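Engineer: how would this look folded up:
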Amino acid sequence: MNKLEKSFLGILLGAIFPLTGFLAGLWIASVYYSNIRILISALGGLVLGMIVDVIFLKKWVTGVFEMDHKLWMAMYFFYALCIFTFFMGVPVFNVALGIPAGIFIGRKLAHGELSTEAEQRLMLRTNLYTTGVMAFICISSAYLALRDPTTAANLEGMLRLTFDVTQGMIIALIVVGGAGLLGLHWWLVERSCRAAKKW
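Structural biologist: Below is the predicted model:
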């Protein structure tokens, strides 16, 4: 495993615990405290996660390609939820997760000795799962958009439209945009996987 791979995998694995600690500290403190105490609690969780990384990350990166696929699936879902929440329910940015997912599988294939048929199965399963998560994100976003009475006004203001946005237009945008995002995500995973395998 070269230095670039170790750095890439270290970032993917290493961000989990600091991010989890930060969010846990933020959410737990927000129930009981306000203002500066929330910030202190969130930063405390971040530092705790970084300490976990200092102790365990090197070992995890060394055995990364032998890790159970279920752990990577859970991590992918975690990152998808983080991005979805950070961008306030807009699913467009979740498409970018297809690139690291494809790179990881591509490098796993490059280090493994699978048959061509087994490689194709792994790539297909990866694409089905990650695109399935993307579909879940799109459906969640659609649900929020259709439930929010200000969606039409927000679109009109954001895009500076000179006409009224109807519910039918919003539904059409959801269907066409969602299908486009799913197709783009599938393509990104496949292309990044094939490219990373050849590196």
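
Engineer: Name the SS class of the residue nearest the centre of the chain, please.
Structural biologist: In the chain, the centroid-proximal residue (C-alpha atoms, centre = their mean) is residue 80; its distance is 2.9 Å. Here residue 80 is recorded as helix under DSSP: H, G, I helix; E, B strand; the rest coil.

Engineer: how is this protein carved up into domains?
Structural biologist: With domains defined by automatic domain parsing, the chain comprises 1-65, 68-199.

Engineer: could I get these as CSV with mean pLDDT?
Structural biologist: As requested, the domains of the chain are exported to CSV (pLDDT from 0 to 100):
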stretch, mean pLDDT
domain 1-65, 81
domain 68-199, 91
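
Engineer: Quick one: distance of stretch 137-151 to the chain centre.
Structural biologist: What separates the centre of stretch 137-151 from the centre of its chain is 19 Å, taken as C-alpha atoms, centre = their mean, to the nearest Å.

Engineer: quick one: buried residues of that stretch?
Structural biologist: 137-138, 141-142, 145, 151 (16 or more other C-beta atoms under 10 Å). Backbone N, C-alpha and C define where each C-beta goes, glycine included.

Engineer: For those residues, which two are the farthest from each other?
Structural biologist: Using C-beta to C-beta, these reach their maximum pairwise distance at 137 and 151, which is 16.9 Å.

Engineer: State the number of residues packed around residue 103.
Structural biologist: Using other C-beta atoms under 10 Å, residue 103 is surrounded by 21 other residues.

Engineer: What strand or helix carries it?
Structural biologist: Element membership for residue 103, per DSSP states H and E: helix 98-111.

Engineer: Equivalent analysis for residue 114, please.
Structural biologist: Going by DSSP H and E, residue 114 is not part of any helix or strand.

Engineer: For the residue nearest to residue 178 when sequence neighbours are not counted, list the residues it contacts.
Structural biologist: Once flanking residues are discounted, residue 178 sits nearest to residue 138: 4.2 Å by C-beta to C-beta, 6 or more residues apart in numbering. Counting by C-beta atoms under 8 Å, 6 or more residues apart in numbering, residue 138 touches 91, 174, 178, 181-182.

Engineer: Quick check: residue 138 vs residue 187, distance?
Structural biologist: Noted for residue 138: a distance of 16 Å to residue 187, by C-beta to C-beta, to the nearest Å.

Engineer: got it, and residue 90?
Structural biologist: In terms of C-beta to C-beta, residue 90 sits 20 Å off from residue 187.

Engineer: The protein: helices as residue ranges?
Structural biologist: Secondary structure of the chain (DSSP state H): helices located at 3-14, 16-32, 36-62, 69-86, 98-111, 116-147, 151-159, 167-198.

Engineer: Out of these, which one sits most buried?
Structural biologist: Greatest average neighbour count among the helices of the chain goes to helix 98-111 (a mean of 21), per mean count of other C-beta atoms under 10 Å.

Engineer: what comes into contact with it?
Structural biologist: Helix 98-111 is contacted from outside by 1, 5, 8-9, 12, 65, 72, 76, 119, 122-123, 126, 130, 134, 184-186, 188-199, using C-beta under 8 Å, 6+ apart.
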